[in-house]
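Student: Build me a model:
(2 chains)
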Amino acid sequence: MLTAFARAFRTPDLRKKLLFTLGIIVLFRIGSHIPVPGVSFQMVRKCVDAADQGGLFGLVNMFSGGALLQLTIFALGIMPYITASIILQLLTVVIPRLEALKKEGQAGTAKITQYTRYLTIALAILQSTALVATARSGALFSSAGGGECVPSQIVPDQSLFRIVVMVCVMTAGTSTIMWLGELVTDRGIGNGMSVLMFVSVAAGFPSALWNIKQTGTLGGGWVAFFTVIAVGLLMVGLVVFVEQAQRRIPVQYAKRMIGRRAYGGTSTYIPLKVNQAGIIPVIFASSLLYIPALIAQFSGSKSGWALWIRNNFVKGDHPIYMVTYFLLIVFFAFFYVAITFNPEEVADNMKKYGGFIPGIRAGRPTAEYLNYILTRITWPGSLYLGMIALVPMIALVLFDSTNSFPFGGTSILIIVGVGLETVKQIESQLQQRNYEGFLR
Amino acid sequence: MTEAHGSTATPEHESSDDLGVDETPPGGKDRKGRRAAAEKPEPKKKSVFARLAVFYRQIIAELRKVVWPTRNELVTYTTVVIVFCLIIIGIVYTLDLGFARAALEVFG
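Tutor: Reported below is the predicted structural model:
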């Protein structure tokens, strides 16, 4: 199998793409280490060391590869771009004009991409303002105060000009990331957005694992360390298993004579994955769940609702948080499948090209049949997504580990999902050149 | 919904022969037994629970038609994904170590 990796590097155009992607990753990591102007680098370092990984920004910090808490120029990471593209996908269903654009073909898609970029910038300005404001007031590291860390000293010069510069730099960083992601999609391997997401999540892995070893008590922490690794491997297997599962709906194409030649007459299938929605519901649910905590933090009020949110929604191991997370994931799984797979459209297309599902009439009955299968197959799929996202949290509560776990189900889903997708793409490129790939 | 399901049962089975998709046709006896078991707990509220039971059985029926990966496929995919992820994590980790040190040199 390792020889397959070597072969991938020996193929000239594939090597070019792989190296290009690696180069982008290097640039992305460099940016994640350059601090924003106006921030006291020493103070941030002290505070990051003192801060525990849980708390308000835990998940979001993981998505940005630890750059968020360090207040670097890439602090926001790829998240604004992902959020923007999800929002635009959702809006396509609601706004007729966007739907018309989508049906227009390539020109329309380009227009939608342009809108996505604008929305990304808007989101980036919003989020960077929020981040800078929390950093300025010292709320970013409020839990880590004391000792050498003085949260209010993170931004020494609090003039308006400084603040505006910081917001501008972070927004510019986010648009650079957006550009890097699109470059990867165009000239590299895999989908740029998910590759950068993957890199961010992967960056937090080693230190998170080491942290578990350090905090563990049994056998110098090695017991906890290996248990976590074993559970992780098991979950990787499970995720791969479900990701690969398909419900295949047979489709028969009618034979047609055009001129003197016969076309069609082939039988294929529509592959419906059990988890048709992929990892999008998890990403969306977690970014949505962080909003109430952010609002509560921002308002700084001591009234009842703010306290309630602070108690129930900030830590990942609270029951209410878990239940909400689970429900949101299930909801978004259905929602996203409904958006991305339109049974009527598929039925229409099949009718147009003379295809039919054996035993089902073309047109509306076909659409109904597809819908029937989709709703029934999505139920187990969405429940699986929710369970996977929650399992590590529950396990950690049982193992009475207090700080929430960056090595959770969300990150495993992202890592395995993107890994599988990327490896498959490399594989198909290898096979184009008649090599056998990794997946024999 | 049940009608749609009933009407599809036969052709689904026929087409499965040449595709090699569905090797286990649901056994009639087994199905009846399950229906009886599902309706047992709440005989009074038949309308809601019976419908839920039907829905549940339909989910199971669809899940049986799903093509799950074989053990061999599962093992290769899992190892490939793990190796790939380890490589990327290794690269990113070493990069991060270097850049963190560089940042400390320049800004610290």
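
Student: residues near residue A:129, how many?
Tutor: Taking other CB atoms under 10 Å in any protein chain shown as the criterion, the count of residues near residue A:129 is 16. (Glycine included, C-beta is placed from N, CA and C.)

Student: ok, and the closest non-adjacent residue to it?
Tutor: In space, and not counting its chain neighbours, residue A:129 is closest to residue A:167: 5.4 Å by CB to CB, 6 or more residues apart in numbering or on different chains.

Student: Report how many residues lie close to the residue in the stretch 201-350 of chain A that chain B sits nearest to.
Tutor: For the stretch 201-350 of chain A and chain B, the shortest gap (CB to the nearest CB) falls at residue A:244, measuring 4.1 Å. Neighbourhood size, residue A:244 [other CB under 10 Å]: 19.

Student: any idea how far it lies from residue B:81?
Tutor: 11 Å (CB to CB, to the nearest Å).

Student: Could you do residue A:35 as well?
Tutor: Between residue A:35 and residue B:81 the computed distance is 34 Å (CB to CB).

Student: Those two: which has the busier surroundings?
Tutor: For residue A:35 versus residue B:81, the count of surrounding residues by other CB under 10 Å is larger for residue B:81: 26 against 20.

Student: In what element of secondary structure is the more buried one found?
Tutor: helix B:71-107 (DSSP states H and E).

Student: Report the buried residues of that helix.
Tutor: Buried residues in helix B:71-107, counted by 16 or more other CB atoms under 10 Å in any protein chain shown: B:74, B:76-78, B:80-85, B:88-89, B:91-93, B:95-96, B:99-100, B:103.

Student: That one near chain A anywhere?
Tutor: Yes - using CB under 8 Å from any CB of the partner chain, we find that helix B:71-107 touches chain A at B:73-74, B:76-85, B:87-89, B:91-93, B:95-96, B:99-100, B:102-104, B:107.

Student: Could you report the neighbour count for the nearest residue to residue A:25 once chain neighbours are set aside?
Tutor: Leaving aside its sequence neighbours, residue A:25 sits nearest to residue A:199 (CB to CB, 6+ apart; 5.4 Å). For residue A:199, the neighbour count with other CB under 10 Å is 24.

Student: again, but for the one 4 residues further on
Tutor: With neighbours defined by other CB under 10 Å, the count for residue A:203 comes to 25.

Student: just checking, next helix/strand downstream of the helix or strand harbouring it?
Tutor: Using DSSP H and E, residue A:203 maps to helix A:192-215. Following helix A:192-215 in sequence order, the next helix or strand is helix A:222-244 (DSSP H and E).

Student: rewinding a little: ok, the residue nearest to residue A:129 - contacts?
Tutor: Taking CB atoms under 8 Å, 6 or more residues apart in numbering or on different chains, we find residue A:167 in contact with A:125, A:128, A:129, A:132.

Student: swap in residue A:251?
Tutor: Contacts for residue A:251 were tallied using CB under 8 Å, 6+ apart; they are A:267, A:268, A:269, A:270, A:350, A:355, A:356, A:357.

Student: Mind listing the strands the helix or strand hosting it pairs with, and their directions?
Tutor: Element membership for residue A:251 (DSSP H and E) is strand A:246-253. Sheet partners assigned to strand A:246-253 using DSSP bridges are listed as strand A:267-273 (antiparallel), strand A:355-356 (antiparallel), strand B:66-67 (antiparallel).

Student: Let me have those in CSV, extended by distance to residue A:112.
Tutor: CSV is the format used below for the strands paired with strand A:246-253 (distance: least, CB to CB, whole Å):
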stretch, distance to residue A:112
strand A:267-273, 24
strand A:355-356, 28
strand B:66-67, 33
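
Student: So for residue A:7, which of the ones you listed sits nearest?
Tutor: strand A:267-273 (27.5 Å; CB to CB).

Student: Buried residues, the closest one. List them.
Tutor: For strand A:267-273, by 16+ other CB under 10 Å, it's A:269, A:270, A:272, A:273.

Student: Equivalent analysis for stretch A:270-288, please.
Tutor: Buried-residue list, stretch A:270-288, by 16+ other CB under 10 Å: A:270, A:272-287.

Student: Please export the C-alpha coordinates of that stretch as PDB.
Tutor: Only the C-alpha atoms of stretch A:270-288 are listed here, as PDB (Å, rounded to 0.1, in the frame of the first residue of the first chain):
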ATOM      1  CA  ILE A 270     -28.500   5.700  -8.200                       C
ATOM      2  CA  PRO A 271     -26.200   5.400  -5.200                       C
ATOM      3  CA  LEU A 272     -27.900   6.800  -2.100                       C
ATOM      4  CA  LYS A 273     -25.600   6.900   0.800                       C
ATOM      5  CA  VAL A 274     -27.000   6.100   4.200                       C
ATOM      6  CA  ASN A 275     -25.300   9.300   5.400                       C
ATOM      7  CA  GLN A 276     -26.200  11.300   2.300                       C
ATOM      8  CA  ALA A 277     -25.600  14.600   4.100                       C
ATOM      9  CA  GLY A 278     -22.000  14.000   4.900                       C
ATOM     10  CA  ILE A 279     -20.400  16.100   7.600                       C
ATOM     11  CA  ILE A 280     -22.200  19.400   6.800                       C
ATOM     12  CA  PRO A 281     -24.900  18.900   9.500                       C
ATOM     13  CA  VAL A 282     -22.200  18.500  12.200                       C
ATOM     14  CA  ILE A 283     -20.300  21.600  11.200                       C
ATOM     15  CA  PHE A 284     -23.400  23.600  10.900                       C
ATOM     16  CA  ALA A 285     -24.900  22.500  14.200                       C
ATOM     17  CA  SER A 286     -21.700  23.200  16.100                       C
ATOM     18  CA  SER A 287     -21.300  26.700  14.600                       C
ATOM     19  CA  LEU A 288     -24.900  27.400  15.400                       C
END
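
Student: Let's have the strands paired with strand A:246-253 in a markdown table, adding distance to residue A:214 and mean pLDDT.
Tutor: Formatted as a markdown table, the strands paired with strand A:246-253 follow (distance: least, CB to CB, whole Å; pLDDT from 0 to 100):
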| stretch | distance to residue A:214 | mean pLDDT |
| --- | --- | --- |
| strand A:267-273 | 39 | 85 |
| strand A:355-356 | 59 | 84 |
| strand B:66-67 | 42 | 87 |
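
Student: do you know which of these lies nearest residue A:89?
Tutor: The nearest among the strands paired with strand A:246-253, by CB to CB, is strand A:267-273 at 17.8 Å.

Student: Quick check: what element follows that closest one along the chain?
Tutor: Heading C-terminal from strand A:267-273 (DSSP H and E), you reach helix A:280-299.

Student: Next, the angle from that following helix to helix A:192-215.
Tutor: For helix A:280-299 against helix A:192-215, the angle by axes from the mean of the first three to the mean of the last three CA atoms, to 10 degrees is 70 degrees.

Student: for chain A, what's the longest helix?
Tutor: Longest helix of chain A, by residue count under DSSP state H: helix A:364-398.

Student: helices and strands of chain B: which one bottoms out on pLDDT?
Tutor: helix B:2-19 (a mean of 42; mean pLDDT, DSSP states H and E).

Student: what's the neighbour count on residue A:304?
Tutor: Residue A:304 has 8 nearby residues by other CB under 10 Å.

Student: same deal with residue A:233?
Tutor: 12.

Student: if I pick it, what's in contact with it?
Tutor: Residue A:233 neighbours (CB under 8 Å, 6+ apart): residue B:82.

Student: 6 Å instead?
Tutor: Applying CB atoms under 6 Å, 6 or more residues apart in numbering or on different chains to residue A:233 gives no contacts.

Student: before we move on, what about the one 3 residues further on?
Tutor: Remark: with contacts taken as CB under 6 Å, 6+ apart, residue A:236 is in contact with A:416, B:78.

Student: Let me see the confidence value for it.
Tutor: pLDDT recorded at residue A:236 is 88.

Student: now swap in the one 3 residues further on and tell me
Tutor: pLDDT for residue A:239: 88.

Student: State the distance from residue A:5 to residue A:206.
Tutor: Using CB to CB, we find residue A:5 at a distance of 21 Å from residue A:206.
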